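K.L.:
Predicted model and sequence follow; I will ask about them next.
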Amino acid sequence: MNLIRKNGWLTLVLALFCGLVACKEEEKETTLPSMSGTVTFDIPHYVLKGETVTMSASGIIYPTEVYYKWYIAGVYSDTLSFRTVTVQFPDSIGVFKVSAAANAPGFYNTFTTQDVTTIDTTWNASLTGLRRSADSFVDVRDGRSYGYVTLNGLDWFTQNLAWQERGIPFKASKATAPLFGSFYTWEEAMEDGGVCPEGWRVPTEDDWISLSAALNGGTPLDFFGNWPGLGEKASVDARMNEARMWPYTPDNVHSNDVGWNALPMGYAFANAGGDTFNGVNAYGCWWSATEKNEDQAFYRYIYSDSPDFPMSYTLKNDLRASVRCVRTHPQSS
């Protein structure tokens, strides 16, 4: 009886051992090396609806012989087996997943996926909820039109400046410039007479104080103050492709009293990648022409959870923020 038991256990152990060895051998046979590098491709995060885009995949260092396949959900039902492909996105607003996979015999496949959002930049299409200005100005440098509102004898853009000879567009996607403007370091905004069109300027300390009076029932506030309640009056409860831009909070209802149309587009750091943005849907930041010292300059910002419109400062070449151009109203000159 004991011998039978011992032989039984021995048989079981041997069976398990053999099974493990077989598994290991099988694992050995099926384990493949991984590729070196990461698949990358050059497509913006935002494109116009119906836009045709050419994109190329690369990034794998080893092995040297690699072929790429593309998977674009909602655009193509089949895979596209080329390193460079030209695709047309649907003539509709939406989010589409673009994946590029690297393949090589004897290696595990590897892939990268990016969401691409299609947008419509015509008025009140993708971006909704803004107050449209009765007056507009055309920048002769690029033919772009901006609404403006006259407050206390000053004309203020009701959109962020989108001139693209300097700065970067949101998420490095040129299609977004008409909606969100571009983002500039202070030195980019101020060099060679300033980034604003001729006759317009980046707002000075006095310009900002004038805006505070317009938002505050005629009473100007100190430039360095927090401007209690004025962020709520300057910001707009807008939506992008039907998604709310400022998150809901009872502390800031975004009443947009004078049609300044402030959006929470965040900011970028000059030393980061062009598509690396921070504070999106939480902060809006706008430069002042006023310097704190040789290395730093002031900007105003609105935070989603606060009704205020405070001032802060940063290194001139560190932060990329939005620009609102202003001019003295022609009849006030």
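P.N.:
Good, I have the coordinates.

K.L.:
residue boundaries of the helices in the protein?
P.N.:
2-30, 177-180, 186-190, 205-215, 230-234 (DSSP state H).

K.L.:
Confidence-wise, which of those helices is weakest overall?
P.N.:
For the helices of the chain, mean pLDDT drops lowest on helix 2-30, to a mean of 42.

K.L.:
Any figure for the gap between the nearest residue to T204 once chain neighbours are set aside and C196?
P.N.:
Excluding its sequence neighbours, the residue lying closest to T204 (CB to CB, 6 or more residues apart in numbering) is A289, at 4.8 Å. C-beta: built from backbone N, CA, C; applies to glycine. For A289, the distance to C196 equals 10 Å [CB to CB, to the nearest Å].

K.L.:
who touches both of these two?
P.N.:
Counting by CB atoms under 8 Å, 6 or more residues apart in numbering, the residues touching both A289 and C196 are V202.

K.L.:
gap between the closest residue to I61 other than its chain neighbours and S99?
P.N.:
Nearest residue to I61, sequence neighbours excluded (CB to CB, 6+ apart): G37, at 4.0 Å. From G37 over to S99 the distance is 16 Å, taken as CB to CB.

K.L.:
Next, count neighbours for V253.
P.N.:
Number of residues near V253 (other CB atoms under 10 Å) recorded here: 14.

K.L.:
Tell me the spacing between the residue nearest to Y267 when sequence neighbours are not counted and I209.
P.N.:
Spatial nearest neighbour of Y267, chain neighbours left out: C285 (4.8 Å); criterion: CB to CB, 6+ apart. Separation of C285 from I209 (CB to CB): 18 Å.

K.L.:
When these two are compared, which one has more neighbours?
P.N.:
C285 (23 against 17).

K.L.:
who touches stretch 323-333?
P.N.:
Contacts of stretch 323-333 (CB under 8 Å, 6+ apart): 146, 150, 153-157, 160-161, 181-182, 184, 189, 195-197, 199-203, 207, 260, 286-287.

K.L.:
Over to stretch 195-211?
P.N.:
Identification of contacts with stretch 195-211 by CB under 8 Å, 6+ apart yields 137, 139-141, 151-154, 156-157, 161, 163, 166-167, 184, 188-190, 194, 220-223, 260, 286-290, 298, 300, 311, 323-327.

K.L.:
Then stretch 300-310?
P.N.:
Applying CB under 8 Å, 6+ apart, the external contacts of stretch 300-310 come out as 208, 212, 215, 225-232, 234-235, 246-247, 249, 251-252, 262, 264, 281-286, 288, 311-312.

K.L.:
just checking, which of these belong to strands?
P.N.:
Judged by DSSP state E, strands contain the following of the contacts of stretch 300-310: Y283, G284, C285, W286, S288, M311, S312.

K.L.:
Could you identify the buried members of those residues?
P.N.:
Using 16 or more other CB atoms under 10 Å as the burial test, these include Y283, G284, C285, W286, S288, M311 as buried.

K.L.:
Show the pLDDT at the second one.
P.N.:
What the model reports as pLDDT for G284 is 98.

K.L.:
nearest spatial neighbour of M245, skipping sequence neighbours?
P.N.:
Nearest residue to M245 in three dimensions, chain neighbours excluded: A238, at 4.9 Å (CB to CB, 6+ apart).

K.L.:
mind listing what E232 touches?
P.N.:
N252, V253, H254, S255, P307.

K.L.:
From those residues, keep the buried residues only.
P.N.:
Neighbour-count burial within the contacts of E232 applies to N252, H254, P307; the criterion is 16+ other CB under 10 Å.

K.L.:
among the contacts of stretch 323-333, which ones are buried?
P.N.:
Neighbour counting with 16+ other CB under 10 Å marks 146, 150, 154-157, 160-161, 181-182, 184, 189, 195-197, 200-203, 207, 260, 286-287 as buried within the contacts of stretch 323-333.

K.L.:
Okay, and which of those residues map to strands?
P.N.:
Members of the buried ones among the contacts of stretch 323-333 lying in strands (criterion: DSSP E): Y146, T150, L154, D155, W156, F157, S182, W286, W287.

K.L.:
Give the bridge partners for the closest residue to D115 other than its chain neighbours, please.
P.N.:
Counting by CB to CB, 6+ apart, V95 is the residue found nearest to D115 once chain neighbours are left out, at 5.3 Å. In this entry, V95 is beta-bridged to T117, by DSSP bridges.

K.L.:
how many neighbours does V95 have?
P.N.:
Counted with other CB under 10 Å, the neighbours of V95 add up to 11.

K.L.:
quick one, what contacts it?
P.N.:
Neighbouring residues of V95 by CB under 8 Å, 6+ apart: D115, V116, T117, T118, N241.

K.L.:
quick one, what contacts the first one?
P.N.:
When contacts are counted by CB under 8 Å, 6+ apart, D115 touches H45, V95, F96, K97, V98.

K.L.:
Among these, which one lies nearest to S173?
P.N.:
S173 has its nearest neighbour among the contacts of D115 in H45, at 5.2 Å by CB to CB.
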